[in-house]
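>>> I'll drop the sequence and a predicted model, then ask my questions.
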Amino acid sequence: MWGVLADIGRFLRFRHHEALIVTLDEGLGPHTAPMGVEYVEARLLIRPYVNTKTFHNLGVNPEVSLNFTQDSRYFFEALLKPDRLRYRIGRCGRVPVIEGDFDLYIEGRVNLVDLSGGRGVFVVQVSEAYEGPGSRLAFSRANNALLEALVYYTKVKAVVREGFEGEVSDYLGLIKSNLNLMRRIGGKELVSMADELEDVVKGLVGGALRRG
Ligand SMILES: Cc1cc2nc3c(=O)[nH]c(=O)nc-3n(C[C@H](O)[C@H](O)[C@H](O)COP(=O)(O)O)c2cc1C
């Protein structure tokens, strides 16, 4: 399904949104990472940390697809089960887009406009913007809790990688309360993602994350 031309300003009216960003590696294989997208004064900005594969790939090939959905399951898959993501050719024919319950696809080229604080700031020049089949998902706190838990999981991962063990405890507290919310009000699928995410976090930091 190709969808209609999208009104980016309406989709991204809350300024900072989350997307799955697909880039191409040296072998032209797709790589997907959850990243924030800022829409400000009709400009689209992304800010990958310089130590991410996304930043590296953009240096090799400055093309992206931005895949927007309300369904946090795709963010979980991108980080924990990347083999589950299914791709199809995008309209520009180079960087693929992700198949599934997506609201908006944007394809374009990036220009690096700033490099400070460990991040690259890229402006995305839009080549194509079109609607997907849609998330078909009502607002859900448990779904939001999964996204929040994933954000703090990536922060814990980065801190552990850099060796600053003392800093993880605040993030672990936030992960724990979001996992608890998912278990309290989420359906089976979310509960099992909470269990999987908890195991991965425990693998990173030992037994520091206990259920409460
Ligand atoms: C919702 C969400 C938003 C994120 N936003 C960013 C971001 O804007 N920039 C960034 O470098 N990492 C961000 N991250 C963390 C990256 O997704 C994570 O570190 C990823 O593993 C790094 O990307 P890579 O696979 O390209 O190395 C975000 C994670 C989540 C769950």
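Everything's here; your move. Numbers count the residues shown, from 1 in each chain.

>>> residues contacting residue 150?
Counting by CB atoms under 8 Å, 6 or more residues apart in numbering, residue 150 makes contact with 34, 72, 75, 76, 79, 197. (Glycine included, C-beta is placed from N, CA and C.)

>>> then residue 112?
Counting by CB under 8 Å, 6+ apart, residue 112 makes contact with 58, 120, 121, 122.

>>> who in this protein is up against the ligand?
Within the chain, the positions lying close to the ligand (CB under 6 Å from any ligand atom) are 18, 33-36, 47-49, 52-54, 75, 147, 150-151, 154.

>>> and the furthest pair within those residues?
Using CB to CB, the residues of the chain next to the ligand reach their maximum pairwise distance at 53 and 147, which is 20.5 Å.

>>> Three-state assignment for the residue nearest the centre of the chain, please.
In the chain, the residue lying closest to the centroid (CA atoms, centre = their mean) is residue 34, at 1.5 Å. Judged by DSSP: H, G, I helix; E, B strand; the rest coil, the three-state class of residue 34 is strand.

>>> before we move on, back to that, which of the contacts of residue 150 sits closest to residue 191?
Proximity of these to residue 191 (CB to CB) peaks at residue 197, which lies at 10.8 Å.

>>> would you indicate which residues of the helix or strand that the closest one is a member of are buried?
Residue 197 belongs to helix 188-205 when elements are defined using DSSP states H and E. Within helix 188-205, the residues scored as buried using 16 or more other CB atoms under 10 Å are 190, 191, 193, 194, 197, 198, 201, 204, 205.
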